[in-house]
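Participant: Here is my input, please return the structure:
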Amino acid sequence: MAAALVASTAVLTLLLFEQAGGQQMMSALTHSWPDWAKWLAVSLGGYLLGSIPFGYIIIGILRERDLTTEGSGRTGGTNAMRAGGLGAGAFTVAGDVFKGMAAVAFARAVIPGGVWAEVLAGWGAVLGHNASIFVGFRGGAGSGPNMGVAGAFWPPSLILTLACFPISMFVIRYASVGSMLIAAVIVVIFAVRAALGHGPIEYLWYGLGAMALVLYALRPNIERLRKGTEKRIAPPKLIKAR
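Facilitator: Purely as a prediction, here's the structure:
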């Protein structure tokens, strides 16, 4: 588990930080590829990056347990917090945001200036998070990588989406509603920016597609919300005892 976490973080760091040479190295590697291979690489790369199950790895290290058998069975920040405490949840969210940003960085390296490539990689990251190939196509609801992709598109969006966490945790107290709120905020951000001419309309299409993926993952939660049986978020502990 520790080796998996270190390897995953190393890959993401290499892609994200241009001064480390990651993006230049990726551009040089794929420069001579045909267009179809680049688009395939962007799609699969986004999905595989999104599939890195940080919550599963972190809880495996902290508690030596399988997060997919804990609580809701999801691998996102909320279930990691339930299983391992506030610290585990925070590290999981950070990792999930990080991989969404890395997916966009990867797309920019493979197809420079390709806005649709960024969008495709972003969708892939959210899909990979929700249906990770590494944990039997299980995963989370997509909020963390969705925030990371949006942050890569326009960094201030991270501030707006991060503000949804205390609202979800202490006011609404439904993780599923918080995920839907984050997805909606991202759509609004890029709709306004596109309307004002401050950003490409493709980013709005990303937000709408990501929202669809989030809502699809939350189908059981939406049904429980409708019936009034959805569980509220319990007050978090810093670190949960084994």
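Participant: Please make it C-alpha for all contacts and neighbour counts, starting now.
Facilitator: OK.
Participant: center of the chain - which residue?
Facilitator: P145 (1.3 Å; Cα atoms, centre = their mean).
Participant: correct me, but it touches A94?
Facilitator: No. Taking contacts as Cα atoms under 8 Å, P145 lies outside contact range of A94: 9.3 Å.
Participant: How much space separates the nearest residue to the residue nearest to the centre of the chain once chain neighbours are set aside from T69?
Facilitator: Computed as Cα to Cα, 6 or more residues apart in numbering, the closest residue to P145 that is not its neighbour in sequence is G100, at 4.1 Å. Between G100 and T69 the distance, using Cα to Cα, to the nearest Å, works out to 25 Å.
Participant: what do you get for G76?
Facilitator: 13 Å.
Participant: do L62 as well
Facilitator: In terms of Cα to Cα, L62 sits 15 Å off from T69.
Participant: more neighbours, these two?
Facilitator: Between L62 and T69, L62 has the larger neighbour count (other Cα atoms under 10 Å), namely 18 against 11.
Participant: all helices in this structure, in order from the N-terminus.
Facilitator: 2-16, 22-30, 35-51, 54-63, 77-84, 86-110, 115-130, 143-153, 157-162, 164-166, 175-195, 201-217, 219-227 (DSSP state H).
Participant: quick check: mean pLDDT across the second one?
Facilitator: Going back to what we said before, that points to helix 22-30. For helix 22-30, mean pLDDT rounds to 68.
Participant: By mean pLDDT, point me to the weakest helix or strand of the protein.
Facilitator: helix 2-16 (a mean of 59; mean pLDDT, DSSP states H and E).
Participant: give me the number of residues near A194?
Facilitator: Neighbour count of A194, defined by other Cα under 10 Å: 16.
Participant: gap between stretch 91-104 and the chain center?
Facilitator: In terms of Cα atoms, centre = their mean, to the nearest Å, the centre of stretch 91-104 is set 6 Å apart from its chain centre.
Participant: Ignore what I typed, I meant stretch 74-93.
Facilitator: Worked out by Cα atoms, centre = their mean, stretch 74-93 lies 13 Å from the chain centre.
Participant: Distance across that stretch, terminal residue to terminal residue?
Facilitator: 13 Å.
Participant: what's the answer for stretch 143-162, then?
Facilitator: Using Cα to Cα, first and last residues of stretch 143-162 are 10 Å apart.
Participant: gap between the residue lying farthest from the centre of the chain and V110?
Facilitator: Taking Cα atoms, centre = their mean, the residue of the chain most remote from its mean C-alpha position is S32, at 30.0 Å. Counting by Cα to Cα, the gap from S32 to V110 is 10 Å.
Participant: same check, this time on S72
Facilitator: 36 Å.
Participant: More neighbours: these two, which one.
Facilitator: Neighbour totals were compared for S72 and V110, and V110 leads with 28 against 15 (other Cα under 10 Å).
Participant: can you count the residues close to the closest residue to the more buried one other than its chain neighbours?
Facilitator: For V110, ignoring the flanking residues on the chain, the nearest one in space by Cα to Cα, 6+ apart is S27 at 5.3 Å. By other Cα under 10 Å, 18 other residues sit near S27.
Participant: got the contact list for S43?
Facilitator: Contacts of S43 were listed using Cα atoms under 8 Å, 6 or more residues apart in numbering, and they are L120, A121, G124.
Participant: re earlier: if I read this right, the residue nearest to P145 contacts V149, doesn't it?
Facilitator: Yes. The pair G100 / V149 is scored as a contact, 4.7 Å apart, by Cα under 8 Å.
Participant: shared neighbours of the two, which are they?
Facilitator: G122.
Participant: circling back: which one (most neighbours) among the contacts of S43?
Facilitator: A121 (35 neighbours).
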